[in-house]
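Trainee: Mind looking at a prediction? Sequence and model below.
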Amino acid sequence: MTFTRALLVVCLGLLSVLSGCKEQASSPELPRVGVARVEPTDFAANVTLTGDVQARVQTDLSFRVGGKIIARSVDVGDHVKANQVLARLDPKDLQNNVDSAKAEVFAEQARVTQTRAAFVRQQKLLPKGYTSQSEYDSAEAALRSSQSALKAAQAQLANAREQLSYTDLVSEADGVITARQAEVGQVVQATMPIFSLATDGDRDAVFNVYESLLVSPPSDEGVIVRLVDNPKVQAEGRVREITPTVSAESGTVQVKVALRNVPAAMQLGSPVTATAHAQGRPSIELPWSALTKALHEPAVWVVGEGDKVELRKVQVARYLTGRIVVSDGVKSGETVVVSGGQLLHPGMQVQKVDAKSPGGEP
């Protein structure tokens with residue numbers, strides 16, 4: 001009797017265990033995922049740009065007449081003063097023009113003297129009736145014609161002298177020669193650039209920036225510009241000009257930053273850097289682990305009603321180290337899977353575990 005009772009107890013125990021296993025098999029454990037509640041923040045990317053220091057005013061210097069260069073007195077890097085002679089052309093041809101114009105003036109002066117004397121005689125003879133009115137008028141016309149011819153010859157002489165003065169290429173202002181495009185012995189045409197002059201005075205830091213970084217207007221805050229080889233040397237500036245067109249060669253836009261109180265070590269052509277702070281835009285930051293894809297587009301898993309996940313396409317504004325910036329696709333207050341989403345599928349129910357932060361791990 002005792003053995004039969006013990007056997008019954010063992011059978012009942014086995015049945016309870018089997019029923020428990022069946023019940024456990026019918027209720028599988030939900031996958032655990034790390035989640036985070038997202039809130040938009042004003043994201044402003046910091047961009048470090050590299051450029052160089054340039055003069056606010058840069059001028060190409062050229063001769064106003066053509067000819068052969070016979071002398072050059074400056075080179076690239078030289079500092080020049082206003083009205084300093086930089087180069088000279090051979091003046092022989094233009095000097096011949098001056099001499100010819102002088103001879104023409106002398107001839108016209110002699111003609112004026114002759115016609116004036118003839119007119120004076122006619123003035124004296126006409127009242128006495130010793131000459132006719134027509135002869136008087138002809139003498140007066142000849143005098144006026146010779147006087148006009150003299151003025152024209154004098155104008156030609158002044159023009160020839162002015163052309164001769166153009167054989168000297170002079171600096172228009174104090175500055176530094178930054179480029180040279182011709183050499184002694186070369187025959188040049190008028191207006192052909194010979195030197196490039198960086199005028200003393202205001203300085204700009206010039207940067208070539210990709211257009212995508214200029215989607216928002218520049219901040220009114222000042223920009224700190226530093227030397228590349230010595231960041232301790234710095235100057236404050238403000239963005240004064242952004243070119244309206246994109247360079248066909250580099251695909252960049254030129255940005256000029258007006259510098260104030262430029263230190264002596266920040267010379268022309270010095271490479272400099274500047275960190276620009278773009279205007280903030282509402283965005284959501286998520287860790288890289290939250291990013292997946294829907295076919296060929298980026299996406300994230302969003303936990304919705306009943307703890308069921310949904311694959312949501314998103315627009316990634318920027319990829320950063322360890323995290324991404326999402327500009328569209330996720331709303332404020334939604335719960336996003338930030339870890340453990342590798343084996344999920346749409347509509348799957350999950351067990352949520354709070355992550356440390358939107359950029360952390362559970």
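Mentor: All right, it came through fine.

Trainee: can you give me the strands in the stretch 101-250 of the chain?
Mentor: Per DSSP state E, counting those that start in this stretch, the stretch 101-250 of the chain carries strands over the ranges 168-170, 175-180, 187-188, 193-199, 203-210, 223-227, 234-242.

Trainee: okay, those strands in TSV with mean pLDDT and mean neighbour count next?
Mentor: Backbone N, C-alpha and C define where each C-beta goes, glycine included. What follows is the strands of the stretch 101-250 of the chain, written out as TSV (pLDDT from 0 to 100; neighbours: other CB atoms under 10 Å):
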stretch	mean pLDDT	mean neighbour count
strand 168-170	95	18
strand 175-180	94	19
strand 187-188	94	16
strand 193-199	95	20
strand 203-210	90	20
strand 223-227	90	20
strand 234-242	89	17
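
Trainee: With adjacent residues omitted, what lies nearest to residue 29?
Mentor: Take residue 29 and drop its neighbours on the chain: the residue closest to it by CB to CB, 6 or more residues apart in numbering is residue 351, 7.8 Å away.

Trainee: Could you double-check that that neighbour lies in contact with residue 303?
Mentor: No. Counting by CB atoms under 8 Å, residue 351 stays clear of residue 303, with 10.2 Å between them.

Trainee: For stretch 343-353, measure first residue to last.
Mentor: End-to-end distance for stretch 343-353, by CA to CA, to the nearest Å: 16 Å.

Trainee: Please state the mean pLDDT value computed over that stretch.
Mentor: The average pLDDT within stretch 343-353 is 84.

Trainee: So which bits of that stretch are buried?
Mentor: Neighbour-count burial for stretch 343-353 flags 344, 348, 350, 352 (criterion: 16 or more other CB atoms under 10 Å).

Trainee: Mutual contacts of residue 351 and residue 303, please.
Mentor: Listed as contacting both residue 351 and residue 303 by CB atoms under 8 Å, 6 or more residues apart in numbering are residue 33.

Trainee: Can you mark which positions in stretch 60-77 are buried?
Mentor: Under 16+ other CB under 10 Å, the buried positions of stretch 60-77 are 61, 62, 63, 65, 67, 69, 72, 74.

Trainee: Quick check: the last one vs residue 83, distance?
Mentor: Separation of residue 74 from residue 83 (CB to CB, to the nearest Å): 13 Å.

Trainee: Mind telling me what element the residue nearest the centre of the chain is part of?
Mentor: In the chain, the centroid-proximal residue (CA atoms, centre = their mean) is residue 254; its distance is 0.8 Å. Remark: residue 254 resides in strand 252-260, with elements defined by DSSP states H and E.

Trainee: Now do the contacts for the residue nearest to residue 245 when sequence neighbours are not counted.
Mentor: If the residues on either side of it in the chain are set aside, residue 245 comes closest to residue 253, at 7.7 Å by CB to CB, 6+ apart. Counting by CB under 8 Å, 6+ apart, residue 253 touches 208, 209, 210, 211, 214, 242, 243, 245, 246, 247.

Trainee: before we move on, what about residue 159?
Mentor: Per CB under 8 Å, 6+ apart, neighbours of residue 159: residue 101.

Trainee: can you do 10 Å?
Mentor: 97, 98, 101 (CB atoms under 10 Å, 6 or more residues apart in numbering).

Trainee: I'd guess the first one is in a helix, am I close?
Mentor: What it means is residue 97. Yes. Counting by DSSP: H, G, I helix; E, B strand; the rest coil, residue 97 is found in a helix.
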